[in-house]
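Turn this into a structure:
(one chain, ligands or ions: 1)
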Amino acid sequence: MDHPILYSFRRCPYAIRARLAILVADQTVNLREIVLRDKAEEFLKTSPSGTVPCLKLPDRVLDESLDIMAWALARNDPENWLQMPPEGYQLIAECDGPFKHALDRTKYASRYPDQDVGLNRSKANEFLFKLNSQLSRPYLFGASPRLADMAILPFVRQFAHIDYDVFLQSDVPNVVDWLERFKASTIFARVMNKYKKWEPEAPVVHFP
Ligand SMILES: N[C@@H](CCC(=O)N[C@@H](CS)C(=O)NCC(=O)O)C(=O)O
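Numbers count the residues shown, from 1 in each chain. Have a look, this model is predicted:
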């Protein structure tokens, strides 16, 4: 059987969240590692937006990471990631909207010379404070992770690693603990496997 094709990039937080859901749902895909500065022709022909992740199914293409998570979990959700209150979707929207906006303007400050880095860092921190107050449980919605935890953690990781010492001093101990547990988890290690850049003649790579 031909598996769906996942165009992915190891460090992209959107691609990481897609791989997390594909892994927990135990859906096999053919992984094609894309290099963003040298995108493969076939990827550009497949992806309407030219962004990763992109999942090519027999009958359609999913070009949004959250759609890929929803697809995988609709097929199999053994850890009940979808059992989440509506606030979970609001948190994801806040992550992908204002938080990611402020994250990019903090991380890539030189690309936004007219922007105040400090202001953007504090805007991003506002989201972390919100997460922090919700994380004593010890996940966002209770004792185990839900879709929101796994959709948001890759972005918090990206933000934290702009300057980890600054992050540690941000007075968000529950977020620090949540992120550290995630980074030490087997599931994280498995989605962060390294793959060579995909070439059309390369052998098929299965994920997971
Ligand atoms: N809305 C998309 C966004 C994906 C996205 O922006 N991915 C980045 C990499 S982290 C990308 O592919 N950017 C294109 C580029 O850098 O050329 C999703 O959720 O999948």
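
From now on I want contacts and neighbour counts done on CA atoms only, so please keep to that.
Fine.

Spit out the contact partners of the closest residue to the ligand within the chain.
Going by Cα to the nearest ligand atom, the ligand is nearest to Thr51 of the chain, at 3.1 Å. Contacts for Thr51 (Cα atoms under 8 Å, 6 or more residues apart in numbering) come out as Asp63.

repeat that for 6 Å
Residues near Thr51 by Cα atoms under 6 Å, 6 or more residues apart in numbering: none.

State the pLDDT value of it.
At Thr51, the model reports a pLDDT of 98.

same question for the longest helix belonging to the chain, mean pLDDT?
Looking across the chain with DSSP state H, the single longest helix is helix 117-134. Averaged across helix 117-134, pLDDT comes to 96.

just for the protein, where's the confidence low?
Scanning the chain for pLDDT under 70 picks out 1.

What parts of it come near the ligand?
Selection of the chain residues close to the ligand by Cα under 6 Å from any ligand atom yields 12-14, 36, 51-53, 63-66.

Show me what the longest helix of the chain is packed against.
helix 100-107 (3 or more Cα pairs under 6 Å, 6 or more residues apart in numbering; DSSP states H and E).

can you list the residues that contact the helix it packs on?
117, 120-121, 124, 159, 162.

ok, 7 Å please
112, 117, 120-121, 123-124, 159, 162 (Cα atoms under 7 Å, 6 or more residues apart in numbering).

Which of those are buried? Put it as a ChimeraX command.
In ChimeraX, a selection of the buried entries from these looks like this (16 or more other Cα atoms under 10 Å):
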select :117,120,121,123,124,159
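
Dump the contacts of helix 100-107 to CSV, plus distance to Pro78.
Output for these, formatted as CSV (distance: Cα to Cα, whole Å):
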residue, distance to Pro78
Tyr112, 42
Val117, 41
Asn120, 38
Arg121, 36
Lys123, 35
Ala124, 32
Phe159, 29
Ile162, 33
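
before we move on, the earlier item: list the buried residues of the longest helix of the chain.
117, 120-121, 123-125, 127-129, 131-132, 134.

same question, stretch 79-90
In stretch 79-90, counting by 16+ other Cα under 10 Å, buried: 81-82, 84, 88.

So which of these is the closest to Trp71?
Of all the buried residues of stretch 79-90, Trp71 sits closest to Leu82, with 11.3 Å by Cα to Cα.

How about the secondary structure of that closest one?
At Leu82 the chain is in coil, as set by DSSP: H, G, I helix; E, B strand; the rest coil.

Counting neighbours, what do you get for the closest residue to it other than its chain neighbours?
Take Leu82 and drop its neighbours on the chain: the residue closest to it by Cα to Cα, 6 or more residues apart in numbering is Leu147, 5.8 Å away. Leu147: 25 surrounding residues under other Cα atoms under 10 Å.

And for the one 10 residues further on?
As a burial measure, the neighbour count of Arg157 was computed by other Cα under 10 Å and equals 18.

Then Val29?
23.

Make a markdown table out of the residues of the chain next to the ligand and add secondary structure.
Below are the residues of the chain next to the ligand laid out as a markdown table (three-state DSSP):
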| residue | secondary structure |
| --- | --- |
| Cys12 | coil |
| Pro13 | helix |
| Tyr14 | helix |
| Leu36 | helix |
| Thr51 | coil |
| Val52 | coil |
| Pro53 | coil |
| Asp63 | coil |
| Glu64 | coil |
| Ser65 | helix |
| Leu66 | helix |
